[in-house]
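**Student:** Provide a 3D model corresponding to the input given below.
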Amino acid sequence: MSSDKPMQAIRKGSELELSIEKLAFGGKAIGYVNGYVVFVEHALPGQRVKVRITRRKRQYAEAYVVGLAAQSPAYCPPFCRHFHYCGGCKWQDLPYAEQIRWKRLHVQECLRNLPGEEASAIEVQETCPAPETIYYRNKMEFTFSSRRWLAPEEIAQGELRCNKSFALGLHVPRSFNKVFNVEQCFLQSPQGVEILQEVRDWCRSGGLPAYGTDNHQGFWRFLVIREGKRTHQTLVHLLTAPHKDERQVVDALAAHLTAKFPQITTIVHSVSEKKAQVAVGDRSRILMGPGFIEERLGDLRFQISAHSFFQTNPLAAEKLYEAVLELGAFSGKETVWDLYCGTGSIALFIASRVGRVVGFEVVEEAVQDAYQNCQLNGVENCTFRVGDLKDVIREARSSSQGGGDPDVVITDPPRAGMHPKVVRVLQELAPKRIITVSCNPSTLARDLELLADQYVVETVRPFDLFPHTPHIECVVRLARKS
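**Tutor:** Numbering: from 1, shown residues only. Sure thing, here's the model as predicted:
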């Protein structure tokens, strides 16, 4: 900065006006004060905004918008009534073409500092758009709370006198214990919102309280709705705390929902005694239907149970898997290792085009689902190993189940990226090709840098699996250097 005066004016609680110039990786907007960076929540490039500083550091400050002086030419009105206080779809006011343009720019930004002469030649392809930009999620998780958060319009309408001790909806950003009642949502389906509203009304009038995270008392904890986008099957998962009348109460709710929504194909009840706010039960029972729904990806069928992991946007995931198949350039004879394989969706998707797939996964339940899906689809050339990847990969090299060293490795790590020990094993294996699927360009760049001595990046293809959010996925093909 050119002087200390602007710095003195930028302190927590102070207000200033600035122009928004770009969107940062992660979704926040950026403005500058004499070169000093200010990250702003809920702002767009081209806007002139008045902001209030919430945090000040030596290198940057954080702020939120308190007034708008000039609107961005790119602005489009958000279509959800909860946009201004829900943390779900932060980019609704940005046209979709601009969203996918910025996502590609963020991938480029994350990869631009890779070492070596080849790094400057890496071309990030255009972002592959999502087939659907609304109603694309197959799973939504809603939280019961004894502390209802009131929206500004509710306060203006005099709803302060309403029942604030019962809510079913989504968390207000940066608040672990306050939940607002969701009345509209464009993520799952209109039917999902109708089920949500009916469950909330029924439970609120039933007498048993919502669970409170402050005292860990109360009965109702979570509602999870899963939908098959191609099969149109619906699973309702109700999670509660233990109670002497739990079966009677939840059975009555299930009967009510079944009568009102004949399109519901299965209902599951789980009981959790954990204090942690996670929608996982200690014990479960099926109240109606088979206890799972089915979904289709390509020619494959997948069973999705109440606690299963499955790609949240199956229509976009199918496009991503097709890219894995294309970039793998399989001849039909390869041994492929699928690291972080989950329930085996990628393994099954490529199985008919390779000789053998060996999947590696740390979650035992996910591997059980993977074998179930193999049986469901008549796939016989996939095997799966359970355990910590950095340990079990080494064991697989000398095991008959490993099938020898792989010709191709596919890796789909969590947001934290690959463990350094997994990267070292990859360097020892030295497969001809590595296809990596990443949900975090920042950790992707770190992993690619670790592999840069042995591999050249040939293709980077971004995919948008989460429209109206800053999240971006990538499929990257690496070839071993000769």
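**Student:** Distance check, the closest residue to residue 74 other than its chain neighbours against residue 123.
**Tutor:** Distances taken as CB to CB, 6 or more residues apart in numbering place residue 98 nearest to residue 74, at 5.4 Å, with adjacent residues excluded. To be clear about C-beta, it is placed using only N, CA and C from the backbone, and glycine gets the same treatment. Residue 98 sits 21 Å away from residue 123, going by CB to CB, to the nearest Å.
**Student:** residue ranges of the helices in the protein, please?
**Tutor:** Using DSSP state H, the helices of the chain run over 5-9, 96-111, 152-156, 190-206, 246-260, 314-328, 345-350, 364-377, 389-397, 420-429, 441-451.
**Student:** Low-confidence stretches in the stretch 151-300 of the chain?
**Tutor:** Along the stretch 151-300 of the chain, segments meeting pLDDT under 70 span 158-163.
**Student:** all strands for it, in order.
**Tutor:** All strands of the stretch 151-300 of the chain, identified by DSSP state E, counting those that start in this stretch, fall at 167-171, 179-181, 220-227, 234-240, 266-271, 283-288, 292-297, 300-305.
**Student:** got the angle for the fifth one vs strand 220-227?
**Tutor:** What that stands for is strand 266-271. 150 degrees (axes from the mean of the first three to the mean of the last three CA atoms, to 10 degrees).
**Student:** strand partners of strand 266-271, parallel vs antiparallel please.
**Tutor:** Strand 266-271 pairs in its sheet with strand 234-240 (parallel), strand 283-288 (antiparallel), by DSSP bridges.
**Student:** Any buried residues in that strand, and which?
**Tutor:** 266-271 (16 or more other CB atoms under 10 Å).
**Student:** quick one: contacts of that strand?
**Tutor:** Strand 266-271 has contacts (CB atoms under 8 Å, 6 or more residues apart in numbering) with 233-242, 246, 250, 254, 257-258, 280-293, 305-307.
**Student:** Would you confirm that residue 251 contacts residue 285?
**Tutor:** No: applying CB atoms under 8 Å as the test, residue 251 and residue 285 come out as separate, 9.8 Å apart.
**Student:** Quick one: residues contacting the residue positioned nearest the centre of the chain.
**Tutor:** In the chain, the residue lying closest to the centroid (CA atoms, centre = their mean) is residue 312, at 7.0 Å. With contacts defined as CB under 8 Å, 6+ apart, residue 312 is in contact with 137-139, 465-466.
**Student:** How about residue 41?
**Tutor:** 28-29, 62-65.
**Student:** So which of those wins on neighbours?
**Tutor:** residue 63 (27 neighbours; other CB atoms under 10 Å).
**Student:** give the contact list for that one.
**Tutor:** Residue 63 touches 38-41, 51-54, counting by CB under 8 Å, 6+ apart.
**Student:** Among those, which ones are in strands?
**Tutor:** Per DSSP state E, strands hold the following members of the contacts of residue 63: 38-41, 51-54.
**Student:** I only care about those that end up buried; give me the PyMOL line for that.
**Tutor:** Selecting only the buried entries of the ones in strands among the contacts of residue 63 in PyMOL, with 16+ other CB under 10 Å as the criterion:
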select buried, resi 38+39+40+41+51+53
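**Student:** any idea how far residue 81 is from residue 32?
**Tutor:** 33 Å.
**Student:** likewise residue 291?
**Tutor:** Taking CB to CB, one finds residue 291 at 55 Å from residue 32.
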